[in-house]
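Peer 1: show me how the following folds:
(one chain, ligands or ions: 1)
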Amino acid sequence: MKSLFGTLADGTEVHSWSLANGGTRMKVLSYGGIVQSLEIPDGLGQLANVSLGFDTIEDYVAKSPYFGALIGRFGNRIGEGRFTLDGEAYDVNSNDAVNSLHGGAKGFDKKVWDIEPFTKGSDVGLYLYCTSADGEMGYPGTLKVKVTYTLTKHGDWRIDYEATTDKTTVVNLTSHVYWNLAGEGSGTIENHELKIAASRYTPVDSGLIPTGEPAPVAGTPFDFRRTKVIGENLREAHQQLLYAKGIDHNWVLDKGISPKPEWIATLKDPSSGRTLRMATTEPGLQFYSGNFLDGTLVGPSGRAYRQGDALCLETQHFPDSPNRPSFPSTVLRPGQTYRSTTIHSFSR
Ligand code: BGC
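Peer 2: Below you'll find the predicted structure:
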């Protein structure tokens, strides 16, 4: 169940935890809470690892574009790495030109998490813990984080996030699995079908920061209200697609924030039949079509990852929320508990 995966330059050991339930098998690293492999069956029971990753800790440390990782303190971008909270100005680490991306240069994807396995009834899972010190990457407050990965008897993967702080801060946690339901290394996801329960998205500027209020998806390449093949509109010369080299946008989910996880998206690979259904409590979904994969990274299959060889579906609050009073708030105050849940259900 637990084995040594590798050792960091400072001597810290990184472990790999294996879980299996209901036909799903997964390997999780203590480094970044990374889902290093996630195997699900097709209709014939044939397992495939449907998430991009690496075989060695060295590759994760040196060159991972967040493969399978937990993202914090703040998923996606904060414009110019700046915001004001209760009248106080904060400057957080900018690691994406002038903007801050996924919590800054040393985000939660690069932390070594404490992991504890559990079994609860027919569920198995892992508790992942980390603490982010007051001021880390520029964020205020000591943030204590607990993430629960559960594999249910149906083979569903559920993520529950919790966090508390001792000073008012902002939090936006997510998971950065790169999906390819035909199997990592098997080529493009442009033939996958996708449906997203969202009538609006947040248009961005050339730095991928939202420009203002959400806009309707109707009549744009961003309309996934009916099941659509991902490649269908991907090469349209639409300014938003040109800025992002494809899709890298936040969908404003019609259901909004919900106390219980509600269905928001379905992804299907027609060749294998493997299907992922997602439900979340979050108000937003970042759909990233693997635009920056450029053929220089090689996965466990021994095959290179090229542009569009995977997609990410990150449930979260909207990018740059700390600077957008009209977006759902990402503020967390002492005494409050941040909670967020996302469920991935697999079928064939
Ligand atoms: C972002 C992309 C970014 C990628 C990192 C996504 O969540 O939206 O812009 O390049 O993460 O691999």
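
Peer 1: what ranges do the helices span in the stretch 1-150 of the chain?
Peer 2: 57-63 (DSSP state H, counting those that start in this stretch).

Peer 1: what does it put close to the ligand?
Peer 2: 65-66, 76 (Cβ under 6 Å from any ligand atom). In short, each C-beta sits where N, CA and C put it, glycine included.

Peer 1: and which of those is nearest to the ligand?
Peer 2: Of all these, the ligand sits closest to Pro65, with 3.6 Å by Cβ to the nearest ligand atom.

Peer 1: can you pull the pLDDT of the nearest residue in space to the closest one that is not next to it in sequence?
Peer 2: Distances taken as Cβ to Cβ, 6 or more residues apart in numbering place Phe292 nearest to Pro65, at 6.3 Å, with adjacent residues excluded. Confidence at Phe292, expressed as pLDDT, is 98.

Peer 1: can you confirm Phe292 is in a helix?
Peer 2: No: according to DSSP: H, G, I helix; E, B strand; the rest coil, Phe292 belongs to no helix; its state is coil.

Peer 1: against Leu242, how distant is it?
Peer 2: 15 Å (Cβ to Cβ, to the nearest Å).

Peer 1: burial check on Phe292, number of neighbours?
Peer 2: Look at Phe292: counted by other Cβ atoms under 10 Å, it has 12 neighbours.

Peer 1: for Asp55, see how far away it is.
Peer 2: 21 Å.

Peer 1: also Gly125?
Peer 2: For Gly125, the distance to Asp55 - Cβ to Cβ - is 24 Å.

Peer 1: equivalent analysis for Pro203, please.
Peer 2: 39 Å.

Peer 1: same check on Gly45?
Peer 2: 25 Å.

Peer 1: quick one: which of the two has more around it?
Peer 2: Ranked by neighbour count (other Cβ under 10 Å), Gly45 and Asp55 place Asp55 first, with 16 against 8.

Peer 1: residues near the closest residue to the more buried one other than its chain neighbours, how many?
Peer 2: Distances taken as Cβ to Cβ, 6+ apart put Pro300 closest to Asp55, at 4.9 Å, once the chain neighbours are dropped. Look at Pro300: counted by other Cβ under 10 Å, it has 16 neighbours.

Peer 1: surely Pro300 meets Ser37?
Peer 2: Yes: taking contacts as Cβ atoms under 8 Å, Pro300 lies within contact range of Ser37: 7.0 Å.

Peer 1: which residues do these two both contact?
Peer 2: Overlap of the contact sets of Pro300 and Ser37 (by Cβ atoms under 8 Å, 6 or more residues apart in numbering) consists of 49, 53.

Peer 1: could you pull out the strands in the stretch 101-250 of the chain for me?
Peer 2: Applying DSSP state E, counting those that start in this stretch to the stretch 101-250 of the chain gives strands spanning 114-120, 123-132, 143-151, 157-165, 169-170, 174-176, 193-196, 200-202, 215-216, 228-229, 248-252.

Peer 1: among the ones you listed, which is the most enclosed?
Peer 2: strand 174-176 (a mean of 27; mean count of other Cβ atoms under 10 Å).

Peer 1: so what strands line up beside that one?
Peer 2: Here strand 174-176 has these sheet partners by DSSP bridges: strand 69-71 (antiparallel).

Peer 1: model confidence over the partner strand, on average?
Peer 2: Averaging pLDDT along strand 69-71 gives 99.

Peer 1: need the residues that contact it.
Peer 2: By Cβ under 8 Å, 6+ apart, strand 69-71 touches 32-34, 102-103, 107-109, 113, 128, 147, 173-176, 314.

Peer 1: list the buried residues of that strand.
Peer 2: Within strand 69-71, the residues that count as buried by 16 or more other Cβ atoms under 10 Å are 69-71.

Peer 1: one more: stretch 93-112?
Peer 2: Residues of stretch 93-112 classed as buried: 93-96, 99-104, 107-112 (neighbour count, 16+ other Cβ under 10 Å).

Peer 1: what about the helices in the stretch 201-348 of the chain?
Peer 2: 239-244.

Peer 1: what residues does it have near the ligand?
Peer 2: Residues of the stretch 201-348 of the chain lying near the ligand (Cβ under 6 Å from any ligand atom): 208, 248, 286, 288, 292, 312, 314.

Peer 1: now, of these, which are buried?
Peer 2: Buried by 16+ other Cβ under 10 Å: 208, 248, 286, 288, 312, 314, out of those.

Peer 1: contacting residues around Lys167?
Peer 2: Counting by Cβ under 8 Å, 6+ apart, Lys167 touches 134, 140-142, 334.

Peer 1: okay, those in CSV with neighbour count and pLDDT next?
Peer 2: As requested, the contacts of Lys167 are exported to CSV (neighbours: other Cβ atoms under 10 Å; pLDDT from 0 to 100):
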residue, neighbour count, pLDDT
Asp134, 13, 98
Pro140, 19, 98
Gly141, 24, 98
Thr142, 17, 99
Pro334, 12, 98
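
Peer 1: and the residues you listed, which is closest to Thr165?
Peer 2: Gly141 (3.8 Å; Cβ to Cβ).

Peer 1: great, nothing more from me.
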